[in-house]
Structures are given as C-alpha cells and as structure tokens.
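[1] Here you go, sequence then predicted model.
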Amino acid sequence: MVFIDGQNLFNAAKVAFGYSYPNYDPVVLADRVCADNGWTRTQIRFYTGMPGAAEDPGRHTFWTNKLVVLRRQGVYVFTRPIRYRDKVTNWPLNVRIRLPGGAELAPGTTLHRADGSLLPAGTQFRFRSADEKGVDIRIAIDILKLAWDDAYDVALVFSQDQDLSEVAKEVLVIARALPRWIKIACAFPDSPIAANHRGVNGTQWVIIDQVTYDACIDPFDYRTGVPPAPTPPASPGPPTGGSSPHSTGS
C-alpha cells in the first residue's frame, strides 16, 4: 500500500531536480517503484495541504484539478486547508532573500532602501507564512490502523519526514503482536545537489533518481484545467447480416 505526502515529495523533487511545481504522476511513480522492487500495488493514498483560493489562487486551482483526476483513478485523497499567518523577523537574522530569477543572496549581503540609504540591522520584516497542519499525523494514523487491519505487507511511504520513524517502530510492534511480517519502505528523490540524502529512519530507503522521476512526469499541466475522462471501450453490438450462430433457419 502506497502513502504519498504530496508536498514533501514535491519539495524533495524541487531541491533535487529543480522542478518548480508538482509535475509528478503519483500513480505512475508509485507503480514504477513497486514494480522495480517486486511489490504488487493495491491502494494509493495521497495526502496534501490545500492552498487557499484567496491566498494562493494558482496553487489552489492546480491541486483542485489534479485531485479530481486522482479520485477518478481510484486514489484515496486526504486534504487539509493550509493555514496562513503573518510572521515577523529581524534583518539579518533568519532572513533569506531570493531574487525573482531564483538566485539567493549570500548571507551578509548589504541591502539598501529605495532612496539608497543603508538598511540597518534589526529592521523588521513581516511576511505571510503558509503552514501545513495535520497531514503527517493523518499519514501516521493510517499506516498504523491499516497495519492492524492486515491491509498490507509493505507500506511504501513517499516522504522524508523523520517524525514517521516513530511509526516505523510501532509497526514492528504490531507485526510481532499479530504476528506477521510487515515492511516499511521510504521512497524519495535524490541527487548530488539534494539537501537531504536520508530516508525515514527504521525504513528501507528507495532512492528515486532523475531518470526514474522524469519517466513518471505527468504530461498534463493541471494549472490550466482538467483533462477529459477516458472514454470506455464500446461494447460489441449484435452481429449484422448472416445468420445467428444459434439460428435454425426456416
């Protein structure tokens, strides 16, 4: 059974491969990793925070459209609204500035106001922060509940959230109590430039390289809409002309 933390997977692919939006196909990627490891996939469960329509209309549209398609494909989808709040920090402490082109200013870079005067240390920056709450807890609960329900032998988790290491320990307790064999595997994008090269402690790590990831990119851009549902194959109609195979003639 596959458990995908949608935002965690996107952020890992963004750092490792440079992609600017969640362009992966969850179903294709999950099936590819399962096939490469000899596992028979049963269910895919997808979890994500939902951006607000007023706060982030572009991402809200993207996820609304993409989740429609995932549900069509039989994927279990869990969402929680992303919470937004204002935060204040002081320059230069804990302030990272990224230019519109994506380049980040080096620590200690001198900043100036529009009038050319120096921006003094201690200047307050106020910014809007988006926090995803409840998604990782829901994943943890579902992994444990479905282990008790004997719903899987392998839990394949697409996340590098180390909080799930506690879940891995508890699943082993469940396996001994039932008793039966259970494995937890952690799949994540990785490259030489990735910031985090570790999977969840206590799990089998499955590395997703860029060749594998690129083979599982969704060709449709959900920022523009929803692709049409596939048309089911037409059922064969009655034979035309000639005699029915059960006809006795006149």
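    Cool, the structure landed.

[2] Next, Ile193: phi, psi?
    Phi and psi for Ile193, reported as degrees, to the nearest 10, are phi -100, psi 0.

[3] Quick check: it touching Gln210?
    No: using C-beta atoms under 8 Å, Ile193 is not in contact with Gln210, being 10.6 Å away. Using the backbone N, CA and C atoms, a C-beta is placed for each residue, glycine as well.

[4] where do the contact lists of these two overlap?
    Here Ile193 and Gln210 share the contacting residues Ala16, scored by C-beta atoms under 8 Å, 6 or more residues apart in numbering.

[5] For the two, indicate the residue with more neighbours.
    The neighbour count for Ile193 versus Gln210, taken as other C-beta atoms under 10 Å, is higher for Gln210 (15 against 9).

[6] Not counting its neighbours along the chain, what's nearest that one?
    Nearest residue to Gln210, sequence neighbours excluded (C-beta to C-beta, 6 or more residues apart in numbering): Phe17, at 5.2 Å.

[7] do Glu170 as well
    Among residues not flanking Glu170 along the chain, Leu144 sits closest, at 5.9 Å (C-beta to C-beta, 6+ apart).

[8] Can you list the helices and strands that the helix or strand encompassing that neighbour packs against?
    In the assignment (DSSP states H and E), Leu144 maps to helix 135-148. With contacts defined as 3 or more C-beta pairs under 8 Å, 6 or more residues apart in numbering; DSSP states H and E, helix 135-148 has these neighbours: strand 2-5, strand 44-50, strand 76-81, strand 154-158, helix 164-177.

[9] returning to what we had before: let me know whether the residue nearest to Gln210 touches Phe188 as I believe.
    No: using C-beta under 8 Å, Phe17 makes no contact with Phe188, being 11.8 Å away.

[10] Looking at these two, which is more packed in?
    Higher neighbour count among Phe17 and Phe188: Phe188, with 24 against 18, using other C-beta under 10 Å.

[11] which SS class is the more buried one?
    State at Phe188, reduced to three classes by DSSP: H, G, I helix; E, B strand; the rest coil: strand.

[12] Any idea what it is bridged to?
    Here Phe188 sits in beta bridges with Ile207, going by DSSP bridges.

[13] Run through who's touching stretch 97-105.
    So stretch 97-105 is contacted by Arg96, Thr109, Leu111 (C-beta under 8 Å, 6+ apart).

[14] Quick check: Gln162 touching Val200?
    Yes: using C-beta under 8 Å, Gln162 is in contact with Val200, at 6.2 Å.

[15] Where do the strands of this structure begin and end?
    2-5, 44-50, 76-81, 83-90, 124-131, 154-158, 183-189, 204-208 (DSSP state E).

[16] how about the ones you listed in TSV, adding mean pLDDT and distance to Ile174?
    Below are the strands of the chain laid out as TSV (pLDDT from 0 to 100; distance: least, C-beta to C-beta, whole Å):
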stretch	mean pLDDT	distance to Ile174
strand 2-5	98	15
strand 44-50	96	18
strand 76-81	96	20
strand 83-90	76	32
strand 124-131	72	31
strand 154-158	98	11
strand 183-189	98	11
strand 204-208	98	17
